[in-house]
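1. Task: produce atomic coordinates for the following.
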Amino acid sequence: MGTWSHYNHLEPQAVDSSSSVVHVKIPSLLELNSESYVATGVSRRSPQSSRPKYQAHPISGLVCRPFGVCEPCPADELDQPFCLPFGNRRLLHCVPASEAQNGGEGDDGRQTSSEIPAWEACGKVIAQERRAFLEFVCANLLLLMVALGILWARTSVLAKAQYRQLAARIGFPGSSWRS
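-> Next up is the predicted model:
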């Protein structure tokens, strides 16, 4: 089985769309098997853990569509499969395949009651990457200004010393160098 085999020891629990979150794992090309799984996080928490338990289920009967953009995972969920490898996740709305063929929406255009929220792993968050890049560029510009300031100060000191030495060799009055 794929990377979800460590969830097999959990007891199956009923999925209630109002009290659970479904997490969808989309397999990568590097995995040996091509099965997809859904991990449900039931809101009942165990006494020793402050996080919900996640359980993997095949997603053969669900159709999921992206809802929203990639966002950073909370710190307490960074080790979850839907936050790997970049620490970002995207919200999905999953509906049973039979409802997806019928349109999946009510008469007024809102989501149906059988729609299940889910998370999927996604790439980098564009705004966060842009901010990190601009921070990198600003840090490099600051370093460049400091280096140029040091270079200018050093060049000025060396030029003054060379000027004094040349003036002393030529014999300008007030020079202290004598041969």
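
2. show me where this structure has helices.
-> Listed from the start of the chain, the chain has helices (DSSP state H) covering 97-101, 126-170.

3. so can I have a markdown table of those helices showing mean pLDDT and distance to Gln80?
-> C-betas here are computed from N, CA, C, even on glycine. Shown next, in a markdown table, are these (pLDDT from 0 to 100; distance: least, CB to CB, whole Å):
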| stretch | mean pLDDT | distance to Gln80 |
| --- | --- | --- |
| helix 97-101 | 73 | 25 |
| helix 126-170 | 95 | 19 |
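
4. Quick check: which of those helices is nearest to Ser114?
-> Among the helices of the chain, the nearest to Ser114 by CB to CB is helix 97-101 (6.0 Å).

5. Now do Ile126 against Ile116, distance only.
-> Summarising the geometry, the distance separating Ile126 from Ile116, computed by CB to CB, to the nearest Å, is 27 Å.

6. Which one's more surrounded, the two?
-> Each of Ile126 and Ile116 has its neighbours counted (other CB atoms under 10 Å); Ile116 has more, 20 against 10.

7. Report the beta-bridge partners for that one.
-> Per DSSP bridges, residues listed as beta-bridge partners of Ile116: Cys94.

8. Settle this for me: it is touching Val63, isn't it.
-> No: with contacts defined as CB atoms under 8 Å, Ile116 does not count as touching Val63, sitting 10.7 Å away.

9. Now list whatever residues contact both of those two.
-> Both Ile116 and Val63 are in contact with 94-95, where contact means CB atoms under 8 Å, 6 or more residues apart in numbering.

10. mind giving me the domain ranges of the protein?
-> 5-124, 125-179 (automatic domain parsing).

11. hey, least reliable of those by pLDDT?
-> Comparing those by mean pLDDT, the weakest confidence falls on domain 5-124, with a mean of 62.

12. Distance of Ala123 relative to Asp76?
-> You called it Ala, but residue 123 is Gly. In this structure, Gly123 and Asp76 are separated by 22 Å, where distance is defined by CB to CB.

13. And Arg154, by the same measure?
-> On the measure of CB to CB, Arg154 and Asp76 end up 51 Å apart.

14. ok, now Glu99?
-> With the distance defined as CB to CB, Glu99 ends up 33 Å from Asp76.

15. Arg65 too?
-> For Arg65, the distance to Asp76 (CB to CB) stands at 27 Å.

16. more crowded one of these two?
-> Between Arg65 and Asp76, counted using other CB under 10 Å, the more crowded position is Arg65 (12 against 9).

17. Please give me every residue in contact with that one.
-> Contact criterion CB under 8 Å, 6+ apart gives 92-94 as the residues in contact with Arg65.

18. can you list those residues in CSV and add neighbour count?
-> Written out in CSV, the entries for the contacts of Arg65 read as follows (neighbours: other CB atoms under 10 Å):
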residue, neighbour count
Leu92, 24
His93, 18
Cys94, 24
